[in-house]
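In: Below are the sequence and a predicted model; questions follow.
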Amino acid sequence: MKVCVTGGIACGKSLLSSFLREAGIPVIDADDVAHELLPDPAERRRIAREVFADPAKRRALEARLHPLIREKLDAFDGVHVIPLLFELHWEAKYDIICTVISEKAVQLDRMTGLRGYTREEALARLAAQLPTEVKAARSHYVIRNDGDLASFRAEAAKFVKLLKEKMQHG
């Protein structure tokens, strides 16, 4: 059974991943693979500024990185976390797709407050992805993350339970 977690930027995919790992479910994150390919954070930030300002540069970078990321994901048996799953049209590879969603205002607050993006950087990154409502509509399972940590953990626990049941019953 192939499982993918997706969702918008700053919606809680990494937090959900940590809950899955706590439950003993192996997880690989496409963003972590990309960071292995571009290990210098300062270089990633510089490249991000360039490619989010120029769609042609972004497509060229993605054309180089995405096949390498896909290769690493395909070799991993566990849950795949792929923020751009639908944008890349990779959804057919998965039996269960879970999308983590948040209100746009919450995403912007997290991006500017927790991650240090400027509002313009945050908006450019949001514009580069499908809206979370579109991702949610195309998914098998949706977890909303607009509230507190306890609420999100409770929703994540339901997803973990579902996954464990499916894994036991093939």
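Out: That came in fine, so what should we check first? Since the structure is predicted, the reported quantities are computational estimates derived from the model, not experimental observations. Numbers count the residues shown, from 1 in each chain.
In: so what's the residue nearest to residue 12 when sequence neighbours are not counted up against?
Out: In this structure, residue 12 finds its nearest non-sequential neighbour in residue 145, 3.8 Å apart by CB to CB, 6 or more residues apart in numbering. Just so you know, the C-beta spots here come from the backbone N, C-alpha and C atoms, and that holds for glycine as well. Contacts for residue 145 were tallied using CB atoms under 8 Å, 6 or more residues apart in numbering; they are 11, 12, 15, 100, 101, 102, 106, 152, 155.
In: Max pairwise distance over those: which two?
Out: Farthest pair in the contacts of residue 145 (CB to CB) is 106 and 155. Separation: 14.8 Å.
In: Can you pull out the residues in contact with the helix or strand of the chain at the bottom of the mean pLDDT ranking?
Out: Lowest on mean pLDDT, DSSP states H and E among the helices and strands of the chain sits helix 41-53, with a mean of 89. Helix 41-53 has contacts (CB under 8 Å, 6+ apart) with 35, 38, 57, 58, 61, 121, 124, 125, 128.
In: Okay, and the closest residue in space to residue 108 that isn't next to it in sequence sits in which element?
Out: Closest residue to residue 108 apart from its sequence neighbours, by CB to CB, 6+ apart: residue 122 at 5.4 Å. Using DSSP states H and E, residue 122 sits within helix 119-127.
In: So residue 66 sits against residue 88, correct?
Out: Yes: here residue 66 lies in contact with residue 88, judged by CB atoms under 8 Å, at a distance of 6.4 Å.
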